[in-house]
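J.: Structure for the following, please:
(one chain, ligands or ions: 2)
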Amino acid sequence: MIKIIVAGFNGSMGQKAVHLVNNTEDFKLVGVYSPLVKDLQPASYDLPKDVQVFNDFSAINIEADVWIDFSTPKAVFENTKFALGHHIRPVVGTSGLTDQQVEDLKAYAKTQHMAGLIVPNFGISAVLLMKFAKEAAKYFPEAEIIEMHHADKTDAPSGTALSTAKQISEAREPQAADNKKFDETLPGARGGNYKGIRIHSVRLPGYVAHEQVLFGSEGEALTIRQDSFTRDSFMKGVEIAVKKVGSLTELVVGLENVLS
Ligand SMILES: NC(=O)c1ccc[n+]([C@@H]2O[C@H](COP(=O)([O-])OP(=O)(O)OC[C@H]3O[C@@H](n4cnc5c(N)ncnc54)[C@H](O)[C@@H]3O)[C@@H](O)[C@H]2O)c1
Ligand SMILES: O=C(O)C1=N[C@H](C(=O)O)CCC1
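T.: Numbering: from 1, shown residues only. Ligands and ions are numbered 1, 2, ... in the order given. This is a model prediction of the structure:
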């Protein structure tokens with residue numbers, strides 16, 4: 001039995017994770033965490049009666065194997081550090097960790113002899129898009145990313161777009177610094193700049209999570225696109241991550257680390 005705590009259980013993804021855990025053999029929901037939920041009625045969040053509800057770190061006093069995190073970009077660093085420090089393996093879906101924060105968490109995990117998984121995107125289509133983009137970057141070093149999400153997403157760019165840009169930048173030949181000065185008659189029109197890779201963020205009702213990577217070269221172009229049409233589509237990846245995180249020996253980034 002894998003004993004699980006879900007952080008951010010009251011949010012859109014947290015509720016999906018609670019449902020997954022409640023309905024998967026060998027998974028047991030032992031606790032949920034969100035500092036914003038006080039005076040909770042368990043039934044209103046699909047919580048079994050014996051689940052402990054925490055709204056303060058200091059009150060978390062139960063044993064658990066895995067910490068699923070779907071909280072907020074502001075909270076995810078401290079949450080992950082808490083889990084590692086309490087020997088609960090984190091499976092982190094929350095976006096917003098900076099490269100430096102990921103490095104700090106990896107170093108902290110080592111000091112705690114702990115492993116875990118940070119997953120920018122649990123969708124298999126997104127995992128494949130990143131794999132293909134990395135391959136394409138060897139031949140098409142010039143790329144831009146367009147990510148499209150639902151209108152409630154508060155952070156930009158998406159964690160997936162940043163992760164894609166990081167992988168492209170590591171796979172392609174080193175590029176001359178992007179010092180090009182654009183005459184942006186509308187500030188921000190050229191998007192964000194991750195090591196010379198422009199990222200454009202779209203937020204619209206009706207969308208869930210989508211990404212397009214555009215590679216351009218002399219006389220030709222390549223476009224790779226993935227679409228997550230439902231939040232349920234992320235749950236297969238969450239299930240795999242929770243089942244496999246116990247086999248890891250360090251804190252790593254990417255679902256591909258546990259896909260066989
Ligand atoms: N990796 C993936 O595949 C994937 C997929 C979808 C969403 N996400 C990410 O998951 C995160 C959550 O997305 P969402 O749509 O569920 O957002 P949401 O706003 O619906 O839910 C976040 C919840 O976290 C709670 N919260 C606030 N502070 C907290 C804290 N300190 N600790 C724990 N919980 C806290 C809030 O009350 C809220 O209910 C976002 O960062 C999003 O980008 C990742
Ligand atoms: O809905 C969201 O928010 C998502 N966030 C992740 C990101 O920032 O990349 C993954 C896809 C869904």
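J.: CA atoms for contacts and neighbours, from now on please.
T.: Noted.
J.: how about M13, phi and psi?
T.: phi -80, psi -40 (degrees, to the nearest 10).
J.: Quick check: nearest residue in space to it, chain neighbours excluded?
T.: F70 (6.1 Å; C-alpha to C-alpha, 6 or more residues apart in numbering).
J.: Would you mind measuring from the one you found to K138?
T.: 33 Å (C-alpha to C-alpha, to the nearest Å).
J.: Return the per-residue confidence for the nearest residue to Q101 once chain neighbours are set aside.
T.: Nearest in space to Q101, with sequence neighbours left out and distances taken as C-alpha to C-alpha, 6+ apart, is F77 at 7.0 Å. F77 carries a pLDDT score of 98 in this model.
J.: quick one: F77 and S95 touch, right?
T.: No: look at F77 against S95 with C-alpha atoms under 8 Å: they stay out of range, at 10.0 Å.
J.: out of those two, which sits in the more crowded spot?
T.: S95 (24 against 19; other C-alpha atoms under 10 Å).
J.: By mean pLDDT, flag the weakest helix or strand of this protein.
T.: Every helix and strand of the chain was ranked by mean pLDDT, DSSP states H and E. The lowest is strand 52-54, at a mean of 92.
J.: now the helices: where do they sit in the stretch 51-200 of the chain?
T.: Remark: helices assigned in the stretch 51-200 of the chain by DSSP state H, counting those that start in this stretch are 76-85, 99-111, 124-137, 159-171.
J.: What about contact with ligand 2: does the first one have any residue there?
T.: So that's helix 76-85. No: shown here: helix 76-85 not in contact with ligand 2 (C-alpha under 6 Å from any ligand atom), separated by at least 12.4 Å.
J.: re earlier: could you list every helix and strand in contact with the least confident helix or strand of the chain?
T.: strand 27-33 (3 or more C-alpha pairs under 8 Å, 6 or more residues apart in numbering; DSSP states H and E).
J.: Show me what the strand it packs on pairs with in its sheet, parallel or antiparallel.
T.: Looking at strand 27-33 with DSSP bridges, its partner strands are strand 2-7 (parallel), strand 52-54 (parallel).
J.: Alpha carbons of that strand, as PDB, please.
T.: C-alpha atoms of strand 27-33 as PDB (Å, rounded to 0.1, in the frame of the first residue of the first chain):
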ATOM      1  CA  PHE A  27      -3.000   3.700  -3.100                       C
ATOM      2  CA  LYS A  28      -4.200   5.100   0.200                       C
ATOM      3  CA  LEU A  29      -5.000   8.700   0.900                       C
ATOM      4  CA  VAL A  30      -3.800   9.400   4.400                       C
ATOM      5  CA  GLY A  31      -3.800  13.200   4.400                       C
ATOM      6  CA  VAL A  32      -4.500  16.300   2.400                       C
ATOM      7  CA  TYR A  33      -2.900  19.800   2.800                       C
END
